[in-house]
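**Q** Generate coordinates for the sequence data below:
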Amino acid sequence: MSNITVENSSAIEETTAKPRIAVVIPCYRETRQILAVLGKFDAMVDHIIVIDDACPDKTGEFVRENFSDPRLHIVIHENNQGVGGATLTGYDKAIELGADIIVKVDGDGQMDPAMIKTLIRPILRGEADYAKGNRFYRLNGLSKMPVFRLIGNLALSFASKMSSGYWKIFDPTNGFTAIHSKVAQELALKKISRDYFFESDMLFQLNIARAVVADVPIQAIYGEETSSLKISRVLLPFFAKHFANFCRRIAYNYFLRDFSIASVELVVGVIFITFGVIFGGVEWYKSSTSGITATAGTVIIAALPLLVGSQLLISFLNFDVHNQPDRPLHPNL
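**A** Have a look, this model is predicted:
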């Protein structure tokens, strides 16, 4: 009987043990705000990992000289690898340190470390593998966001929905994220974009792995800091990358990993619409140049494939929207 009691006590202690949380802070020219950010991490954080991404102002050395904390770990890149590359270096370090949950916080002061407890809650509850902040839940914070940046985020959010397959999340460029370390180890991290497309590409890889992603409302902080991400410069490159990821996701999820009625709807729908557009365009050109009105039969032959094809694509889209992963990976890992 005593042996059974000891085993049960150990099991309870193991299941109620505090998860080890590591915070990764990719830095590039952040000496003005970094100390204020570092001073806000409370006792729930076990490791603070600062990644100096070959900063011209030597942020890593600045932190080493001006911030003393036994939880602090500093990694300095010899060459700039971009925010994605710096974050992935932090992931590797966090996994090496034995972290259970890895949180990414930017060093520009726009994210409140006090929100970490809220951000990681879906992961702790076993409801999600990855959690990300969403600045668009709370309208009072949006009034401080520049209008052009707001519009750009809306456009990129929709593009991200299509490329990642996570139709119920928003604000894909938000860098305030948390991931279960075991899930991070399952991803093809070497294939993830190293630049500002990192967060969006991360969502694509998570969908391929069938991980559950949770949107967490957060309050964005806008001060005197200047964001390095210029929406006007990244819109077209981001859309090109989103389109490439969309094609890869569709090919993998609907033709390689599985082949279902949705796959048939997509193929037949594209064929019908393509035929309708080409046939209708040719007949319209003939009619406009010859002055002879097209017959009713010709119009029907052009219009019917367009109508049927559109309905098939709408049906496929409806299936895709409801095909989001809903069973977290990490309880099984």
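
**Q** only C-alpha atoms for contact and neighbour calcs from this point on.
**A** OK.

**Q** For Ile12, give me the pLDDT.
**A** On pLDDT, Ile12 comes in at 38.

**Q** Tell me, how many residues neighbour Thr295?
**A** 10 (other CA atoms under 10 Å).

**Q** Likewise for the one 5 residues further on?
**A** The local packing of Ile300 (other CA under 10 Å) involves 13 other residues.

**Q** what's the host helix or strand of it packed up against?
**A** Element membership for Ile300 (DSSP states H and E) is helix 296-321. Packing contacts for helix 296-321, counted by 3 or more CA pairs under 8 Å, 6 or more residues apart in numbering; DSSP states H and E, involve helix 261-290.

**Q** what inclination does the helix it packs on have with respect to helix 296-321?
**A** 150 degrees (axes from the mean of the first three to the mean of the last three CA atoms, to 10 degrees).

**Q** who does helix 261-290 touch, helix- and strand-wise?
**A** Against helix 261-290 (3+ CA pairs under 8 Å, 6+ apart) you get helix 296-321.

**Q** Distance from the chain centre to the helix it packs on, please.
**A** 32 Å (CA atoms, centre = their mean, to the nearest Å).

**Q** try stretch 269-286
**A** 37 Å.

**Q** Can you report how many residues neighbour Val50?
**A** 29.

**Q** Check Arg210 too.
**A** With other CA under 10 Å as criterion, Arg210 counts 18.

**Q** In this structure Thr87 contacts Cys27, no?
**A** No: applying CA atoms under 8 Å, one finds Thr87 not in contact with Cys27, separated by 9.3 Å.

**Q** Now the helix holding Ile300: buried residues?
**A** 302-303, 305-306, 308-310, 312-313, 315-317, 320 (16 or more other CA atoms under 10 Å).

**Q** Let me know the closest of those residues to Arg20.
**A** Ranked by distance to Arg20 (CA to CA), these are led by Asp320 at 35.4 Å.

**Q** Provide a list of residues in contact with the closest one.
**A** Gly165 (CA atoms under 8 Å, 6 or more residues apart in numbering).
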